[in-house]
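In: 3D, please:
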Amino acid sequence: MRTLLLRFLARRIIRGIRWARGGGIRRLGTTVRRAWQEGMGLPGEMISTLRRSGRGPLYICSLAAYLFAVWVGGLTASLVLLVLLAAVFDLWKRRIYNYLTLPALVVGLGCRLATGGMDGLLAGLGGCAVGFGVMLVLFLLGGMGGGDVKLMSAVGVYLGWELSLRALVFAMVIGAACALVMIVVRGRVRQTFKNICLMLVSLVVPGMRPAPPPKEGALYLPFGLAIALATLFVLWELFRPLMAASSFVLAAN
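Out: Have a look, this model is predicted:
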């Protein structure tokens, strides 16, 4: 049995050497390079897009800011910086730019891998999947922007899947409360009730679609602010026992 195994391995090694000498490595490299250029060249396309758009320095500055926050206060400081910037830009520009969310996602995954190994990386990817999956459904239903989806995905990397679910629930509650206040203040209660009824009917009646909301005078809900408040609340709940314990120790001393 051992002799047969050794003969099999020897034949495989000899075949591999002949394949390499016959140009197999070169052909394999050509195939991989062609596949990368045709269907898998996303990083190259992103770099060329950044060069054309002129936003490369913004990505670099965001990446440096998140890394500095990690150096100063760990992942929590980087997460707080992310949600605060996203809330400010969502209120100011009504957009959450990619140069705010994508570098934070990369920093979060890198730190997860560096500190927790594969288990930490998988935990970050699980939180990212939860945030992305739930927000993607809302995005496809027309109730969320693409920037909100990417923001919650990046937040999920830092929080993990359990805290991400909690932050999502809090964000939806905060967003619903803000939307209700805006509807009442602007006198859109009747129109909103009508739109909700049409949407529910369209879910039951096949082929029926609700009328699209008007672009002029449409209500804008800064959901990035809701995500930021929910994330800060989750962090406060997480660190509240530690702060209480530290204050007790200081009082005892």
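
In: how many neighbouring residues does M118 have?
Out: Using other Cβ atoms under 10 Å, M118 is surrounded by 9 other residues. All C-beta atoms are positioned from the backbone trio N, CA, C, and that covers glycine.

In: give me the local confidence score for it.
Out: Note for M118: predicted pLDDT of 89.

In: lowest confidence element among the helices and strands of the protein?
Out: helix 42-53 (a mean of 53; mean pLDDT, DSSP states H and E).

In: what's stretch 111-119 in contact with?
Out: Here stretch 111-119 makes contact (Cβ atoms under 8 Å, 6 or more residues apart in numbering) with V70, L75, S78, G120, L121, A123, G124, V157.

In: where in the chain is pLDDT low?
Out: By pLDDT under 70, the weakly predicted segments of the chain are 1-55, 188-189, 191-220, 241-253.

In: switch to 50 and redo it
Out: Counting by pLDDT under 50, the chain has low-confidence residues at 32, 35-42, 45, 248-251.

In: all helices of it, in order?
Out: 2-21, 24-38, 42-53, 56-92, 98-140, 146-185, 189-204, 223-252 (DSSP state H).

In: quick one: contacts for the nearest residue to G175 once chain neighbours are set aside?
Out: Among residues not flanking G175 along the chain, A226 sits closest, at 4.0 Å (Cβ to Cβ, 6 or more residues apart in numbering). Residues counted as contacts of A226 (Cβ under 8 Å, 6+ apart) are A171, M172, I174, G175, C178.

In: quick one: which of those has the most company?
Out: Highest neighbour count within these: A171, with 27 neighbours (other Cβ under 10 Å).

In: quick check: it vs L122, distance?
Out: From A171 over to L122 the distance is 24 Å, taken as Cβ to Cβ, to the nearest Å.

In: OK, contacts around the closest residue to I96 other than its chain neighbours?
Out: Of all residues not flanking I96 in the chain, G147 sits nearest, at 3.1 Å (Cβ to Cβ, 6+ apart). G147 sits next to A86, D90, R95, I96, Y97, N98, T101, G224 when contact means Cβ under 8 Å, 6+ apart.

In: and the third one, how many residues sit next to it?
Out: Put plainly, it is R95. R95 has 14 neighbours, counted by other Cβ under 10 Å.

In: for the last one, same thing?
Out: A count of neighbours around G224, defined by other Cβ under 10 Å, yields 28.

In: number the chain from 29, please
Out: All right, first residue 29 from here; so that's G252.

In: you'd agree it is up against V177?
Out: No. The pair G252 and V177 does not pass the contact test of Cβ atoms under 8 Å, sitting 10.9 Å apart.

In: between these two, what contacts are shared?
Out: Common neighbours of G252 and V177, using Cβ under 8 Å, 6+ apart, do not exist here.

In: correct me, but C206 touches L249?
Out: Yes. The pair C206 / L249 is scored as a contact, 6.2 Å apart, by Cβ under 8 Å.

In: ok, and the closest non-adjacent residue to V262?
Out: Excluding its sequence neighbours, the residue lying closest to V262 (Cβ to Cβ, 6+ apart) is A195, at 4.8 Å.

In: and what of M163?
Out: Sequence neighbours aside, V177 is the residue nearest to M163 in space, at 4.2 Å (criterion: Cβ to Cβ, 6+ apart).

In: now do the one you found against Y186, distance only.
Out: V177 is 16 Å from Y186, where distance means Cβ to Cβ.

In: which one of these two has more residues nearby?
Out: Shown here are V177 and Y186; by other Cβ under 10 Å, Y186 has more neighbours (29 against 23).

In: thinking the more buried one is in contact with C156, fair?
Out: No. At 9.4 Å, Y186 and C156 do not qualify as touching, with contact defined as Cβ under 8 Å.

In: measure how buried the residue nearest to G252 when sequence neighbours are not counted is and give me the count.
Out: Spatial nearest neighbour of G252, excluding adjacent residues (Cβ to Cβ, 6+ apart): D118 at 3.2 Å. Using other Cβ under 10 Å, D118 is surrounded by 26 other residues.
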